[in-house]
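A.B. asks: Predicted model, plus sequence, below.
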Amino acid sequence: MKKLLTAAVLSAALATPALADTTKVGFIYIGPVGDFGWTAGHDRARQELQDHFGDAVETSIVENVDYGADAERVMTQMALSGTDMIFAASFGYGPDVNAVAGRFPNVAFQHATGYIQEHDNISLFDARFYEGRAVLGHIAGKMTETNTIGYIASYPIPAVVSGINSAYLHAKAVNPDVNFRIIWTYSWFDPALEADAAETLIEQGADVIMQHTDSTAAVRVAEDAGVMAFGQASDMVEFGPTAHLSAIVDRWAPYYISRVQALKDGTWEAQNSWMGFAEGIIEMAPWNDRIPAELQEEADGLIAAIAAGEYHPFTGPINRQDGTPWLADGEVADDGALATMDFYVEGITSDFPN
Amino acid sequence: MIRLEKRKEPSKLWRIANPFLAVALTMLAGGIMFAMLGKDPFVAIRLIFFDPIFSETFASYSRPQLLIKSAPLILIAVGLAIGFKANVWNIGAEGQYIMGALFGAGVALAFFPAPGWYIFPLMVLAGAFGGFLWAMIPAILKTRFNTNEILVSLLLVYVAERILAAMALGLMRNPDQPGFPGSRDLRRYEAAYNSELIANTGMHWGVVAAIIAVIFAYVMMTRHMLGFHIQLAGQAPRAARFGGVSPARLVIICLGISGALAGLAGMFEVSGPGGQVRIEFASGYGFTAIIVAFLGRLHPIGIVLAGLLLGLTYIGGELSQMMLQLPGAAIQVFQGMLLFFLLALDFQTNYRIRLTQGAHA
């Protein structure tokens, strides 16, 4: 027995140096990796990260982690187990990321769609989803026949609110009669609730469903009801081959790889990155054939203009919902305003959730 | 031929042995499942049941976490069990938990940023009162209009969740964090912070409250007339009525106690480990506590053990996801097995299985 133990200790000791170059990267997810949406997008990037670095990186995940005490515990356990870098993949982990980061200054934290940065070992990163929403809005405005667009929204946070505003403005620009109906679910992943919301919106006359929630439920409901829909975060076409017009697809992998590489090189430092079409962090899923070729070209042109910086989706004149001016003619919204946006633009008839 | 025979009295032996047997069977069946998933079942079971308490790397952190995770479960379950014994079915502890948290946090946010020793005690009272108030709705509807308390208390959970969302987005929203839902972090407001009483032990006031509640419940159920009435009402309602026990009074007392305890649990959570009023603050403690109550045989001591066991599977479940890459769903199945085996085994508390010759018709 003693011999066995000695052998075990020895082999453990021998094994350690060989692993020294291995960077341990942990991921905590708000939903299941099988949501086919947001969390799936992050896990896709994790796999690419793993493939890119091979044995030089060891990744681990914990899925379905609630905000608050649970998240704090999971990240602490990750840090204790020797994880070098932690990706926290939901905005609501903010207070928890900051609490744990304060206690583990040697662990690098990467907080997706984060908004609190109190320690210099926390990087925030986000995608300019409103750029993609502009394209969706443009297509929806042209494709709708009932002039009613249903929008399933999760939490009233700036990323979601700016997405609604962007989609609305661009739908309105091509279709002055367009009308948005918005349902808030206060959840990222609740397939039953999302399906109910989609059905309600369709009953209210919506023939295009947009979602800022993570499951495929709405796309399926749209397929069954014979209306159109956009996927979220991942290409959801297999859940609605006819209904699915396109989707904003998140591509976090290049960013993940660059951050892990920076950590390996010793050049990692806290940043706040907000990336869009230009950086390739978001892209559109292949257009559905039912989108007319002309409209596909317009959409491609819009993407190119945004990527090139020639056009900003929030360019004035834009008024707030109550009619007060927000952006003057030709004025472009600055990032600070977009990152704290808490109002609808003029023309949206729903009440802002308060 | 196998024949089932109802026991004259429920078997005491099986009542006590079943939970342990259920754990053993869960380990066995869970181990087989883990093996089928291509993971080492022994490592998985070790990660779930032993590493949170004994591992060198994790134990110093996860042992206190076990108290933090289990205390609200125990506090709620003790209250629920009292009602369940009297056949009063409060299924809506989750809603009472939320309301307790909102009342407690409301007091704190009203005083912010004033210091004062009296703020925290006021929050405790408000938390208990919030839960109590929310439980009084099904209680009064039942005693006055004979509505079903299972349905009313359950549906009120969804109402409470909506109120929580409205508070996180409106009245209680942190004015310093524009655009984002959620209140101020109470952990940063000293007068309201339910901090650890002894550093790195996980001991906060909620744990103390859970211990007091367990002792209180134990004494009440075994030594006090009220405890006797509750048991009597549950086992022989007609006899209880002839004995002068007022069913309406019992409904009010049982729902009141369980509501107040759930409210306390919510208040201690929001002012401590939870930290702030958030839309997703309620993470199912109120529902999990129902499992804890039954796993603990509705007995205060059993509930302590059951609460700790379930807390352990949560913390260990996260560890095994992280270290072994087990899918989260496998952990949920594992937890489900525990209840499944317990309920299945409970069959033999009331029945015995007889092997007989075919002669019987």
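C.D. replies: Nice, thanks for sending it over. This one's a predicted model, so the numbers in the text were calculated from it and none came from an experiment. Numbers count the residues shown, from 1 in each chain, chains lettered A, B, ... in the order given.

A.B. asks: Quick check: A:Asp126 is in a strand.
C.D. replies: Yes. The assignment for A:Asp126 is a strand, going by DSSP: H, G, I helix; E, B strand; the rest coil.

A.B. asks: Would you mind listing what in the stretch 251-354 of chain A touches chain B?
C.D. replies: Proximity of the stretch 251-354 of chain A to chain B (CB under 8 Å from any CB of the partner chain) is limited to residues A:339-342, A:353-354. For glycine as for every other residue, the C-beta is placed from the backbone atoms N, C-alpha and C.

A.B. asks: Those in helices, which ones?
C.D. replies: Mapping these onto helices (DSSP state H) picks out A:Ala339.

A.B. asks: between the residues of the stretch 251-354 of chain A next to chain B, which has the most around it?
C.D. replies: A:Met341 (26 neighbours; other CB atoms under 10 Å in any protein chain shown).

A.B. asks: and the residue nearest the centre of chain B, helix, strand or coil?
C.D. replies: Centroid-nearest residue in chain B, with CA atoms, centre = their mean: B:Ala289, separated by 2.2 Å. What three-state DSSP gives for B:Ala289 is helix.

A.B. asks: Thought B:Ile91 was touching it, still the case?
C.D. replies: No. With contact defined as CB atoms under 8 Å, B:Ala289 does not reach B:Ile91; the gap is 10.5 Å.

A.B. asks: could you pull out the strands for the stretch 151-300 of chain A?
C.D. replies: A:179-184, A:208-211, A:228-233, A:244-250, A:272-275, A:282-284 (DSSP state E, counting those that start in this stretch).

A.B. asks: for the fourth one, what is the average pLDDT?
C.D. replies: It stands for strand A:244-250. For strand A:244-250, mean pLDDT is 96.

A.B. asks: Same question for stretch B:221-230.
C.D. replies: Averaged over stretch B:221-230, pLDDT sits at 89.

A.B. asks: that older thread, Throw the strands of the stretch 151-300 of chain A into TSV and include mean neighbour count, thanks.
C.D. replies: Shown next, in TSV, are the strands of the stretch 151-300 of chain A (neighbours: other CB atoms under 10 Å in any protein chain shown):
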stretch	mean neighbour count
strand A:179-184	21
strand A:208-211	30
strand A:228-233	28
strand A:244-250	24
strand A:272-275	16
strand A:282-284	20
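
A.B. asks: Now distance to A:Ala192 too, for the ones you listed, in TSV please.
C.D. replies: Output for the strands of the stretch 151-300 of chain A, formatted as TSV (distance: least, CB to CB, whole Å):
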stretch	distance to A:Ala192
strand A:179-184	14
strand A:208-211	14
strand A:228-233	17
strand A:244-250	20
strand A:272-275	33
strand A:282-284	28
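
A.B. asks: do you know which of these lies nearest B:Ala265?
C.D. replies: For B:Ala265, the closest of the strands of the stretch 151-300 of chain A is strand A:179-184, at 27.6 Å, according to CB to CB.

A.B. asks: Mind giving me the packing neighbours of that closest one?
C.D. replies: strand A:148-153, helix A:158-174, helix A:191-203 (3 or more CB pairs under 8 Å, 6 or more residues apart in numbering or on different chains; DSSP states H and E).

A.B. asks: Out of the residues of the stretch 251-354 of chain A next to chain B, show me where the pLDDT dips lowest.
C.D. replies: The member of those with the lowest pLDDT is A:Asn354, and it reads 72.

A.B. asks: wait, isn't that one in contact with B:Gly170?
C.D. replies: Yes. Between A:Asn354 and B:Gly170 there is a contact under CB under 8 Å: 4.9 Å.

A.B. asks: what residues are shared contacts of those two?
C.D. replies: Here A:Asn354 and B:Gly170 share no contacting residue, scored by CB atoms under 8 Å, 6 or more residues apart in numbering or on different chains.

A.B. asks: picking up where we left off before, now do the residue nearest to the centre of chain B against chain A, distance only.
C.D. replies: Separation of B:Ala289 from chain A (CB to the nearest CB, to the nearest Å): 16 Å.

A.B. asks: what's the nearest residue to that residue if we skip its chain neighbours?
C.D. replies: Leaving out its chain neighbours, the residue that sits closest to B:Ala289 by CB to CB, 6 or more residues apart in numbering or on different chains is B:Ile76, at 3.7 Å.

A.B. asks: so what's the one you found up against?
C.D. replies: B:93, B:97, B:258, B:261-262, B:265, B:285-286, B:289, B:292.

A.B. asks: Smallest gap between the stretch 251-361 of chain B and chain A, at which residue?
C.D. replies: Across the stretch 251-361 of chain B, no residue is closer to chain A than B:Pro273, which sits at 3.8 Å (CB to the nearest CB).

A.B. asks: give the contact list for that residue.
C.D. replies: A:68-69, A:72, B:68, B:204.

A.B. asks: Could you do B:Gln65 as well?
C.D. replies: Counted by CB under 8 Å, 6+ apart, B:Gln65 has contacts A:73, B:52, B:202, B:315.

A.B. asks: ok, 10 Å please
C.D. replies: A:69-70, A:72-73, A:76-77, B:52, B:58-59, B:202, B:273, B:311, B:314-315, B:318 (CB atoms under 10 Å, 6 or more residues apart in numbering or on different chains).
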